[in-house]
Structure formats: C-alpha cells, structure tokens
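>>> this one's sequence-less:
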Ligand code: COA
C-alpha cells in the first residue's frame, strides 16, 4: 500500500535569540571562565577561551538566530542551559507537550483527529528519558490507537522515522502514522565554547502519513520511495548516557554534550549526501533536472549550497533548496521537515521533491515525494 504526507505541523518556541545577544552572553561567560582559570592558564595547564563574533557565525554557517524553549537560563553566563521546572509524573512531559502541539497542527491540516492515528513515532536526537517511550505518552495524549515507539538516529531521525512509518503502512500494520521530532537542542548544546554555542535551536515538527487509497483528490505528497544509509564516525558525538554513572575514570564535561569536528564533517558528509541522492534518483530512473525542490537538513548554509550544486549540477535557483537555518539554526532532525512545512504550497500536482537529512552516525536519509491532488 502506498502512502502520502497529508499534513505537517511545527511547534516554534516563544523565545528567539539573535546572534548578537548570544555572543554578548558568550563574551561574559568566557571572561568569567578565563578569570576563574587565570592561574592554570598562566601555568600553561589550561588554554584561555576565545570570544565569539556575530560576523564569524554568519560567515561560517549562515545562522542569524535561533529559538529556544527557555531563554534566561541559556543567556545567563553562569548557567548556559535552559531552566525547565521539574514536572511530576502526572503532568505531560516537556517533549510530549511540544510533540502534541506539532501533531495537532499536522492532524488539523489533514482534517484528521488523534483517534484516526494508529502509529506514533517520536524520532529525534535526544530523549528526555529512556522509558516509558515519549511516543506512548504522546499516543495517549492524542487519543491515538495502535502502537508507538521512540527512535533516535540523530539529525536523520525524521527521515528514518518516515521510512519506518511508510513501511508500516505498506505492510498493512498501520493506516495513519505520525512521525514527530521534538528537538530540545538547548539541553545538549555546549553554550560555553565558541565553536558550538551558535549551532543549534529548538523546534518540534510532526508529519502525518496516510494510505493513498483513502485520500480521494486531497492534496498530499506521495512517498514514492525512501533511501537510507549509515557509516560509523565519531566526528559528531555525544557520550551522555545511562552508563556514565558506572564508568570508572574521568570524562571531560564536554564529552557529555554535543561535540564535533566540524571541518571533517563538512568534508566527509557532503559527498556522501550527494551520492545517496543521485543514486536514489538513478534507481527511480529520474534525472536531477526533474526534481523541483530539495528540502535539505539545515546545519550549515555552505553545506546545503554544495549539496544542492552537486545534485543539480548547477547553482540552485532561488527557492529550489529552501533555507530556514538563518532563522532557526540547526534544529537537528526537525530542520528538513521545517523546510518542507514552510516551502511546499507553491508546487503543482506531479512535481517531485526530495526531503533529505544527514548528521551524526553518520546517517543520511532521502525521501522522494510527488505532489498529488489540487494544484
Ligand atoms: N567566533 C569566532 N571565531 C570562531 C568561532 C566563533 N564562534 N568558532 C570558531 N572560530 C574560529 C576557530 O577557533 C578557528 O580559529 P583558528 O583558525 O585560529 O584555529 C577558525 O574560526 C576556524 O574554525 P573552524 O572550526 O575550522 O570553522 P569552520 O569554517 O569549519 O566552521 C562550522 C565551523 C561548525 C560552522 C562548520 O565546520 C560546519 O558547519 N560544519 C558542518 C557540520 C555541522 O554543522 N554538523 C552538524 C550536524 S550535520
């Protein structure tokens, strides 16, 4: 059975932080750290930290601002992480709450209700607890049936989730599936170091997939096929986990947050992504010239331009590979879905597009979509 995306939803945090505001807080944090460690720095046992600049961030990444779930904690140089009041077991967890908000919008756009859904996949880079699955909490809050589970393939979680949902629909194990990506990146970002502090932003996306035989002439994006690939690398890594408390030996605090060798990631991942997309199209007997839109993962503007050029064989025309990272920064698995959510309405029936994610693992996902229904 074929399936199509019939609705998407986006939860955007209330708080935005522009580069200048973030850089100002970082400068104060760096000055305080250097003062606190002055003796070690003078003795050569520690390296002084350098301040960040807005101009560098825009030049290196294209990022100008980001949204965060809570702002005062992130900007407080003595804290550099959000304030999230502890919630009781009877309250909806933070990730479930933002998942429900995004899912409700996706359902509304598709003219469906929670009870119409029989598979809920929460697919994201970081989950606030190992169990019970956040997806099962969301399933309960939406009044959905069937089954639910969490999955994590870092920045590629949403496309891997879409393949899992499409497979469940194809095999008849589900009729309507939600793939939700509640990314609270401010919880694992290292705001103390200038090479990382600007990279991420928070958001939550939801994608509703349904069997095409139940759609009649409704507007939707049919999933023609998917293609996933993984290749092990430690160049993007986060060692936070349940065994930390059992480990003998000292870990640097930075190891329990996001970290990367950005240059190497850039160099290694771009060709892998282009190769995967081109192989995917070739297998579908399609040429890149037939693809109207590339909804790419949003980590770095230079990466997206290079991948789009490698796939299309020319510079992308305005709007062909839409950019949302200037406003949202890297929202991990939510990024390519935000690009799709914001930039699909102008396509005509029959138009083809590729939703593509890439990130830690390495992991890459490509979803080939064709618009159906009203133009
Ligand atoms: N402000 C000012 N200078 C900074 C800075 C900042 N915020 N952050 C780093 N610098 C400095 C570095 O210290 C370095 O200085 P040096 O040459 O004196 O050593 C210089 O700028 C270059 O740093 P580098 O880390 O090599 O920058 P880059 O051009 O590779 O850009 C990224 C860094 C992260 C923007 C870029 O590598 C990238 O986007 N990679 C893609 C990976 C990615 O985002 N992955 C996420 C998951 S897909």
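On my side now, so go ahead. The structure presented is a predicted model; accordingly, all values stated were derived computationally and were not measured.
>>> what about the residue in the stretch 201-350 of the chain that the ligand sits nearest to, neighbour count?
Among all residues of the stretch 201-350 of the chain, residue 262 sits closest to the ligand, at 2.7 Å; criterion: C-beta to the nearest ligand atom. Bear in mind the C-beta positions are built from the backbone N, C-alpha and C, glycine included. Using other C-beta atoms under 10 Å, residue 262 has 17 neighbouring residues.
>>> number of residues surrounding the closest residue to it other than its chain neighbours?
Using C-beta to C-beta, 6 or more residues apart in numbering and skipping residues adjacent in sequence, the residue nearest residue 262 is residue 195, 6.8 Å away. Neighbour count for residue 195, taken as other C-beta under 10 Å: 14.
>>> doesn't residue 195 lie inside a helix?
No. Residue 195: not assigned to a helix; according to DSSP: H, G, I helix; E, B strand; the rest coil it is coil.
>>> tell me which element the residue lying closest to residue 201 once chain neighbours are set aside falls in.
Leaving aside its sequence neighbours, residue 201 sits nearest to residue 66 (C-beta to C-beta, 6+ apart; 3.0 Å). Using DSSP states H and E, residue 66 falls within strand 65-68.
>>> what lines up beside that strand in the sheet?
Note on strand 65-68: by DSSP bridges, its sheet partners are strand 15-18 (antiparallel).
>>> so who does residue 360 touch?
Residue 360 makes contacts with 125, 154-155, 233, 236-238, 260, as judged by C-beta atoms under 8 Å, 6 or more residues apart in numbering.
>>> in PyMOL, select just the buried ones from the residues you listed.
In PyMOL syntax, the buried subset of the contacts of residue 360 is picked out as below (16 or more other C-beta atoms under 10 Å):
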select buried, resi 125+154+155+233+236+238+260
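>>> just put the contacts of residue 360 in TSV and tack on distance to residue 112.
Formatted as TSV, the contacts of residue 360 follow (distance: C-beta to C-beta, whole Å):
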residue	distance to residue 112
125	27
154	29
155	28
233	39
236	36
237	39
238	35
260	38
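>>> show the pLDDT at the spatially most central residue of the chain.
Of all residues in the chain, the one closest to the mean position by C-alpha atoms, centre = their mean is residue 333, 1.9 Å from it. Per-residue confidence at residue 333 stands at 98 (pLDDT).
>>> please name the nearest non-neighbouring residue to it.
residue 157 (3.8 Å).
>>> that neighbour: how many residues sit nearby?
Neighbours of residue 157 under the rule other C-beta under 10 Å: 30.
>>> helices of the stretch 101-250 of the chain, residue ranges please.
In the stretch 101-250 of the chain, the helices defined using DSSP state H, counting those that start in this stretch lie at 134-142, 157-170.
>>> quick one: the shortest one to chain centroid distance?
When you say that, I think you mean helix 134-142. On the basis of C-alpha atoms, centre = their mean, to the nearest Å, helix 134-142 sits 20 Å off its chain's mean C-alpha point.
>>> could you pull up the mean pLDDT of it?
Taken as a whole, helix 134-142 carries a mean pLDDT of 98.
>>> again, but for the last one
Helix 157-170 shows an average pLDDT of 98 in the prediction.
>>> close to the ligand, is the strand holding residue 66?
No. Taking C-beta under 6 Å from any ligand atom as the criterion, strand 65-68 and the ligand are apart, separated by no less than 13.1 Å.
>>> counting by contacts, list what the next helix or strand after that strand packs against.
Counting by DSSP H and E, the next helix or strand C-terminal to strand 65-68 is helix 72-75. Packing partners of helix 72-75 (3 or more C-beta pairs under 8 Å, 6 or more residues apart in numbering; DSSP states H and E): helix 19-36.
>>> now the strands for the stretch 151-300 of the chain?
For the stretch 151-300 of the chain, the strands defined by DSSP state E, counting those that start in this stretch occupy 176-183, 203-211, 220-230, 236-237, 259-260, 291-296.
>>> direction included, what does the first one pair against?
Sheet pairing here is set by DSSP bridges, and for strand 176-183 it gives strand 119-123 (parallel), strand 203-211 (antiparallel).
>>> please apply the same query to the third one.
Applying DSSP bridges, strand 220-230 is found paired with strand 3-11 (antiparallel), strand 363-372 (antiparallel).
>>> the residue nearest to residue 333 against residue 124, yeah?
Yes. Using C-beta atoms under 8 Å, residue 157 is in contact with residue 124, at 5.1 Å.
>>> what do these two both touch?
Counting by C-beta under 8 Å, 6+ apart, the residues touching both residue 157 and residue 124 are 181, 332-333.
>>> closest to residue 366 out of these?
residue 333 (14.1 Å; C-beta to C-beta).
>>> mind checking the longest helix of this protein?
Across the chain, the helix with the greatest residue count (assigned by DSSP state H) is helix 262-283.
>>> what angle do it and strand 363-372 make?
40 degrees (axes from the mean of the first three to the mean of the last three C-alpha atoms, to 10 degrees).
>>> burial of the nearest residue to residue 147 once chain neighbours are set aside, as a residue count?
Of all residues not flanking residue 147 in the chain, residue 119 sits nearest, at 6.0 Å (C-beta to C-beta, 6+ apart). By the criterion of other C-beta under 10 Å, residue 119 has 24 neighbours.
>>> same question for residue 12.
Residue 12 has 18 neighbours, counted by other C-beta under 10 Å.
>>> since that was my last question, I'll sign off now.
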